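In: Below are the sequence and a predicted model for it; my questions follow.
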Amino acid sequence: MKITVNNISKSFSGEDLFRELSFEVNPGCRLAVTGPNGCGKSTLLNIMAGLSRPDSGNISRPREMRIGYVAQDLLEGQLDVPLLEYVLDAIPDWGEFWREWKLTLALGDNNRLTQLSRKQAEMEEAYGYNPEYRAEMILSGLGFEKDSFKVPLNMLSGGWRERAKLSRVLLQGADLLILDEPTNHLDMEAVLWLEEYLLSFSGILVLVVHDRFFLDKVATHVLHLGFDKPYFRQGNYSSFAAWHEHKELLKEKERNKISGEISHLKSFVDRFRYKATKARQAQSRIARMEKLAGRVQDFAADHKGKTLNFSWPKPQKASRVAITCSELNFAHPGKQELFNNLNFQLFHGQKIGLLGCNGSGKSTLFKLIISQLKPHKGFIKLGQNTCPAYFSQHQTDTLVMENTVISEIRRLSGNDPAEEEIRSVLGLFLLDESFWERRVLSLSGGEKSRLILASLFLARANLLLLDEPTNHLDMETREALIAALKDFPGAVFIIAHDRFLLSEVAGEVWSLEACAIVQHGVGFSQYYQQYCNAPQKTACLREQEPCADKKTGSSQKQRRREQAQLRNRYYQLIRPLQEKFQRQEASLEQSLRRQEEIESLLARTETYQSLERFKKLHIEYHKLVKQNEDLMQQLEELELKMGEIEKERQETGLETG
């Protein structure tokens, strides 16, 4: 079953989203539709799902093709339905099928039995032998606990409802599966599960995703909108981006070549056009210049439209420690304890990526840092002159939806910036004058995120607390934010499932495990490689365990917490030794190079012609020999100490962080 898109066009408010777009997709094709917000990606998905029509052109697909598409809104009656029942309701009722089978068998209608046998084979192929078990596996894969299977949808948050809708579509099965930003409400474990699920999908997959890691792993083809014309290419997103960059470089090279030839012709014309003997040659060159000027347009750069490009303002200086957390305990009312004796320090200049299962308390920790919540025991405080700025993943936690854009950024900025500065910053974040009097409620998700980022820019903070900052942002805006964060000199604490963001920005990974923070001491790329190779990488898909069961004194839960604390202890012991070892090793390399230089100089005859120079080199040489011996001795001692700590760690049975 293939789909053929024939010369479709669609415009909005008089502007073309795409014109005469044509492509063909076959079973097994996983097509990523990419491009900046507003270029028509979601509109195209709606057209392919049959929910809207193009202005011209058509889409050819088999009549019997099953289409899976996540609905925008739940129906009112569905909100009272339990989660598992809602998901199972997407497939035919097996109970009804078996009732009909038994009745037909009793009647002895062999023709009908043959028809029902075919129907049974089709249903089993589409939905499996045990659809309820498959539904539970999908729900678990997307992060739901078993206790939530019987909970009605109206008791779930917006993000969990989105997961429920995705679960229903995945169970339902489809020949054409259409997904619009399915990773937005998923944590890393659920994103990895969805990747594997989609890699085994045998039909046609069309999706919009801004997670670059996800696109590179899942996509077999890319349709990019937003340039002067759409591009349809085989391969993943990175291969498309490399191809397009190379294509633009070749076009630039050709433009420069033509411009150089035009300049050469022009200099001849300017010099000889009024000389009678050269008039004919000058006229010939003018004609050639006009022809070349027309050719330049054939190699014009692809127009990208406005893109975000900014750098954070230089923050004020602060004390070395940005955040101190000591012996902190916290639990939400009526809930299990989230943190038990939590301890950590975050320093200015550090960029930390905070990971953990859903429900482990990542967002709660940020709210404790900014004093939106109060600890039950212990404390968490900011360092002297530390000025925080907080980006919440839930935009309604930050924004007053009824305010206009201009009044809302005034409210958020807090430090009373000048009107000119406010308007300048809004423009910098692609919210020009046409947005200023619009209500925040009318903005898209990406526009709301840019408004919050603009307010953080005005805050001139030296500590950025970012909770899923790339949700709702397109690829181009994400990359601009990443570039700005990499250059930010203050402290950055990030909660994110965007692996590209974490790999580019986070210098170190921490994770919340069993009510404690584990500092892994490595960047995201190394952590991710270890995590993907770990046999227990799906641990977060199991039911979330509380910190400690005070009634039963569960030894397993207590052991997990103790292991997290032990990992931190060994990390704190070995990290200073590793840093000292690296410094000493670098000093030794530099000193050995200098020793070799002096040995080379002392081997030359001309060195002995100056007695004073010879003495200086001789003295320096012996000092270096002694210094290098001392450094090697110190490195041996450090290696011995680190080996003892590692041996002790192994004896405890701890895995490497």
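Out: Yep, that arrived. Numbering: from 1, shown residues only.
In: close enough to count as contact, residue 398 and residue 389?
Out: No - no contact is recorded between residue 398 and residue 389 when judged using C-beta atoms under 8 Å, the distance being 11.0 Å. C-beta coordinates here come from the backbone N, C-alpha and C atoms, glycine included.
In: Show me which of the two is the more surrounded one.
Out: Comparing residue 398 with residue 389 by neighbour count (other C-beta atoms under 10 Å), the higher total belongs to residue 389, at 24 against 18.
In: Tell me how far the residue nearest to the spatial centre of the chain lies from residue 224.
Out: In the chain, the centroid-proximal residue (C-alpha atoms, centre = their mean) is residue 498; its distance is 1.8 Å. When C-beta to C-beta, to the nearest Å is the yardstick, residue 498 and residue 224 sit 20 Å from each other.
In: swap in residue 32?
Out: Between residue 32 and residue 224 the distance, using C-beta to C-beta, works out to 9 Å.
In: cool, residue 400 as well?
Out: If you go by C-beta to C-beta, the gap between residue 400 and residue 224 works out to 36 Å.
In: neighbour-wise, which of these two wins?
Out: When neighbours are counted by other C-beta under 10 Å, residue 224 comes out ahead of the other of residue 400 and residue 224, with 23 against 14.
In: Quick one: residues contacting the more buried one.
Out: For residue 224, the contacting residues are 34-35, 230-231, 233, 240, 244, by C-beta atoms under 8 Å, 6 or more residues apart in numbering.
In: In stretch 486-501, which residues are buried?
Out: Using 16 or more other C-beta atoms under 10 Å as the burial criterion, the residues of stretch 486-501 that qualify are 488, 490-501.
In: cool, and stretch 4-15?
Out: Judged by neighbour count (16+ other C-beta under 10 Å), stretch 4-15 contains these buried residues: 5, 8, 10.
In: Please apply the same query to stretch 616-633.
Out: Applying a neighbour-count criterion of 16+ other C-beta under 10 Å, the buried positions in stretch 616-633 are 617, 621, 624, 627-628, 631.
In: and which of those residues is nearest to residue 145?
Out: Nearest to residue 145, judged by C-beta to C-beta, of the buried residues of stretch 616-633 is residue 631 at 54.8 Å.
In: Of the buried residues of stretch 616-633, which is the nearest to residue 359?
Out: When the buried residues of stretch 616-633 are ranked by distance to residue 359 (C-beta to C-beta), residue 631 comes first, at 49.2 Å.
In: shouldn't that closest one be in contact with residue 584?
Out: Yes - the pair residue 631 / residue 584 is scored as a contact, 5.8 Å apart, by C-beta under 8 Å.
In: Lowest-scoring secondary structure element of the protein by mean pLDDT?
Out: Of all the helices and strands that make up the chain, the one with the lowest confidence by mean pLDDT, DSSP states H and E is helix 555-602; it has a mean of 74.
In: Report the mean confidence score over whichever helix or strand comes after that one.
Out: Past helix 555-602, further along toward the C-terminus, the next helix or strand under DSSP states H and E is helix 611-651. Along helix 611-651, the predicted confidence averages to a pLDDT of 82.
In: From the chain's centroid, how far away is helix 611-651?
Out: The chain centroid and the centroid of helix 611-651 are separated by 44 Å under C-alpha atoms, centre = their mean, to the nearest Å.
In: Over to stretch 307-325?
Out: How far stretch 307-325 lies from its chain's middle: 21 Å, per C-alpha atoms, centre = their mean.
In: repeat for stretch 291-301
Out: Going by C-alpha atoms, centre = their mean, the spacing between the C-alpha centre of stretch 291-301 and its chain's C-alpha centre is 38 Å.
In: Identify all contacting residues around that stretch.
Out: The set of residues external to stretch 291-301 that reach it, using C-beta under 8 Å, 6+ apart, is 228, 248, 251-252, 254-255, 258-259, 261-262, 265.
In: repeat that with 7 Å
Out: Outside of stretch 291-301, the residues within contact range by C-beta atoms under 7 Å, 6 or more residues apart in numbering are 248, 251-252, 254-255, 258, 261-262.
In: I'd like the distance between residue 413 and residue 58.
Out: When distance is defined by C-beta to C-beta, residue 413 is 50 Å away from residue 58.
In: who has more neighbours, the two?
Out: Comparing residue 413 with residue 58 by neighbour count (other C-beta under 10 Å), the higher total belongs to residue 413, at 19 against 13.
In: OK, contacts around the more buried one?
Out: With contacts taken as C-beta under 7 Å, 6+ apart, residue 413 has the following neighbours: 455, 458-459.
In: let's go with 10 Å and repeat that
Out: If a contact means C-beta atoms under 10 Å, 6 or more residues apart in numbering, then residue 413 has 421-422, 425, 454-460 as its contacts.
In: out of those residues, who's nearest residue 438?
Out: The closest of those, once distances to residue 438 are taken by C-beta to C-beta, is residue 454, at 14.3 Å.
In: and the closest one, how many residues sit next to it?
Out: Neighbour count of residue 454, defined by other C-beta under 10 Å: 24.
In: Can you lay out the buried residues of stretch 4-15 as a markdown table showing pLDDT?
Out: As requested, the buried residues of stretch 4-15 are arranged in a markdown table below (pLDDT from 0 to 100):
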| residue | pLDDT |
| --- | --- |
| 5 | 93 |
| 8 | 94 |
| 10 | 91 |
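In: Secondary structure and distance to residue 54 for the residues you listed - can I get that in TSV?
Out: TSV is the format used below for these (DSSP: H, G, I helix; E, B strand; the rest coil; distance: C-beta to C-beta, whole Å):
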residue	secondary structure	distance to residue 54
5	strand	9
8	strand	4
10	strand	5
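In: Show me where the stretch 301-450 of the chain dips below the pLDDT cut-off.
Out: Residues of the stretch 301-450 of the chain that meet the criterion pLDDT under 70 lie in 305.
In: for the stretch 351-500 of the chain, what spans make up the strands?
Out: Listed in chain order, the strands found in the stretch 351-500 of the chain under DSSP state E, counting those that start in this stretch are 351-355, 377-382, 388-391, 463-467, 491-495.
In: Show me what the fourth one is packed against.
Out: Going back to what we said before, that points to strand 463-467. In terms of contacts (3 or more C-beta pairs under 10 Å, 6 or more residues apart in numbering; DSSP states H and E), strand 463-467 is packed against strand 321-331, strand 351-355, helix 362-369, strand 388-391, helix 445-459, helix 475-487, strand 491-495.
In: Mind doing that once more with 8 Å?
Out: Using 3 or more C-beta pairs under 8 Å, 6 or more residues apart in numbering; DSSP states H and E as the contact test, the elements touching strand 463-467 are helix 362-369, strand 388-391, strand 491-495.
In: Also the longest one?
Out: Helices and strands touching strand 377-382, by 3+ C-beta pairs under 8 Å, 6+ apart, are strand 321-331, helix 362-369.
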